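A.B. asks: Show me how the following folds:
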Amino acid sequence: MACKQNIGIIGGNGWLGSALAQAAVAASVVEPNKLMLSSRSGNKGAAASLACHWTRDNAELAAFSDVVILSVRPAQFKAMAVDLKDKLVISVMAGVSSAEIATRTLATRIVRTMPNAAAAIGRSFTPWFAKAAVTAQDRTLVQTFFSASGEAAELSEEAHVDYCAGLTGAGAAFPALLAEALKSHAVARGLPPEFAVRAAKGVVCGASQLLASPDASAAAIVKEMIDYRGTTAAALEAMLARGFAEAVGAGLAAAEERGKSVSSG
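C.D. replies: Numbers count the residues shown, from 1 in each chain. Below you'll find the model as predicted:
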C-alpha cells in the first residue's frame, strides 16, 4: 500500500538516496507525485527517470514533506541549515547521533538507519533505531519503506546502529574482499586470472546462497564442514588459526570508531 504522506529525500540524487527512492517507487510504497528529491547541483543522478518532484532548495523540500530522509555526508549535514520541526526525520548517515540531528533540525521524531549499497538491487539489510517520540504509525512507515529495498529490522539501542556501520553498512565490501583474496591466491598458484575471478565469484555469490535459507545456520555449516575432516575443514581451521575471526572483529571495531570520528570531526 502506498504511503499517504509526502516524503522528501535530501541528497536524493546520491547513490543511496536515489536507490532508496527508486526501490520505494518500484514497490509502490510511495507514488512519484508524493516524493520530492533535492539536489544542490541540479544533477538528478540515477533517479533522473523518476517522475517525482525535484528541488535545489531544502527549505522547499521541508515545506512539501511530512517525512524527510537525510541522505548526505556527515560533513555536508554539519553545514546544512533546515527546520524539520514536527517532521518524521530519517537519517541514513553514519556516525551522526539523534541528539545532533535534533539540535540541527529541531526534530523530535528521529529514526537512524544503516542501509547499504545493495539497496540498489533490493538486497540491503537495513537496521533502524527510533527515538521515543516516534509513533507506531511512523515505525510502520519506516519498516515498509526500507523493506522495499531489502530487509529491515528495528534495534532497541542507538549505539547498535553505530556498530552496524561496519556490520551491515559495508554491504558488498566484505564478500568482495573475500573474493579478491580467493582470486589473488589462485592466480599466485598459476591459475588463469579469468578463471580465478569466475571461481571466486562462484563461491562468494553462488555457493553462499545455501546460507540464505531461513533455516540455515552459519555456525552449523562451519561445524559440519569441520567435523567432516576433509579439505574444507583443513582450510577453515587454517584460517581460524591465523586469526580470521579476530581480523573480522578488528574491522568491525575500526568501522565503529571511524563513524564516531566522522561525527565528532
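A.B. asks: contacting residues for the residue nearest to residue 64 when sequence neighbours are not counted?
C.D. replies: The shortest distance from residue 64 to any non-neighbouring residue, by CB to CB, 6 or more residues apart in numbering, is to residue 36 (4.9 Å). For glycine as for every other residue, the C-beta is placed from the backbone atoms N, C-alpha and C. The contact partners of residue 36, taken as CB atoms under 8 Å, 6 or more residues apart in numbering, are 6-9, 12, 52-55, 60-61, 64-65.
A.B. asks: what's around the nearest residue to residue 193 once chain neighbours are set aside, how many residues?
C.D. replies: Excluding its sequence neighbours, the residue lying closest to residue 193 (CB to CB, 6+ apart) is residue 187, at 5.3 Å. Neighbour count for residue 187, taken as other CB atoms under 10 Å: 16.
A.B. asks: Model confidence for the closest residue to residue 117 other than its chain neighbours, exactly?
C.D. replies: Nearest residue to residue 117, sequence neighbours excluded (CB to CB, 6+ apart): residue 171, at 4.3 Å. Model confidence at residue 171, given as pLDDT, is 89.
A.B. asks: circling back: whichever of the contacts of residue 36 end up buried, select them in PyMOL.
C.D. replies: Here is the PyMOL command that picks out the buried ones among the contacts of residue 36, judged by 16 or more other CB atoms under 10 Å:
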select buried, resi 6+7+8+9+12+52+53+54+55+61+64+65
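A.B. asks: of the contacts of residue 36, closest to residue 84?
C.D. replies: For these, the residue nearest residue 84 by CB to CB is residue 65; the value is 8.5 Å.
A.B. asks: quick one: that closest one and residue 6 touch, right?
C.D. replies: Yes. Judged on CB atoms under 8 Å, residue 65 makes contact with residue 6 at a distance of 5.0 Å.
A.B. asks: what stretches of this protein score poorly on pLDDT?
C.D. replies: Where the chain drops to pLDDT under 70, the residues are 1, 263-265.
A.B. asks: the domain parsing of it - what is it?
C.D. replies: Residue ranges for the domains of the chain, per automatic domain parsing: 7-163, 173-264.
A.B. asks: ok, longest helix in this protein?
C.D. replies: helix 244-264 (DSSP state H).
A.B. asks: tell me the secondary structure for residue 127?
C.D. replies: strand (DSSP: H, G, I helix; E, B strand; the rest coil).
A.B. asks: what about it, neighbour count?
C.D. replies: Close neighbours of residue 127, defined as other CB under 10 Å, add up to 22.
A.B. asks: Please, which helix or strand holds the nearest residue to it once chain neighbours are set aside?
C.D. replies: By the measure of CB to CB, 6+ apart, the closest residue to residue 127 outside its immediate chain neighbours is residue 164, 4.7 Å from it. Element membership for residue 164, per DSSP states H and E: helix 158-167.
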